[in-house]
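J.: Pasted the sequence and its predicted model underneath.
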Amino acid sequence: MTPTWALLERIAARLADIRTDGGYRTDIGSAVALEPVQHAGPDVPGLTLAALGVQRDTQKPHGQHRLLQAMVEATLPAHLHDAHARAHAIAADVEDALDAWIPLPQALPLQVEDIVFLDRPEGLAVVAVQVTLTVRYRR
């Protein structure tokens, strides 16, 4: 298994812990996927984790240090009366679950970089929130 896939699997497992009985605002942890095809469809909330890229860590140019950039994207049916409020709650839950968490022994704490809210992106009948993450790790 590659280091990047191991990181993604650990992050997905951490996201799966997002449940109201665990003190979070939402239960989006029940709908975590590493592949968009794993979602039941646009009529149910879903959360997908995807890698955006890997770069050499410029702060440590002579070594095995890398920077993984990833995105957590949650989608909610736009017809829900509180879709935007839920999107904000999901973003807060993702940030609470992941910010400063260390996913693997050879990684530094994960950082939440950006949060973007989208209303019906590309004409889809969903409200979405995208949370961009970075994690520095050693190969």
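T.: Received it, and whenever you're ready, just let me know what you need.
J.: Where does T58 sit: helix, strand or coil?
T.: Using DSSP: H, G, I helix; E, B strand; the rest coil, the structure places T58 in coil.
J.: just the one 5 residues further on next, same as before
T.: Recorded secondary structure, G63: coil (three-state DSSP).
J.: got a list of what it touches?
T.: Contact analysis of G63 by C-beta atoms under 8 Å, 6 or more residues apart in numbering lists 57, 138. (Each C-beta comes from the backbone N, C-alpha and C, glycine too.)
J.: And the one 3 residues further on, by the same measure?
T.: Shown here is R66, whose contacts under the criterion C-beta under 8 Å, 6+ apart are 3-4, 54-57, 136-139.
J.: count of residues packed around the closest residue to R120 other than its chain neighbours?
T.: Once flanking residues are discounted, R120 sits nearest to A78: 5.7 Å by C-beta to C-beta, 6 or more residues apart in numbering. Using other C-beta atoms under 10 Å, A78 has 15 neighbouring residues.
J.: neighbour-wise, which of the contacts of R66 leads?
T.: Y137 (23 neighbours).
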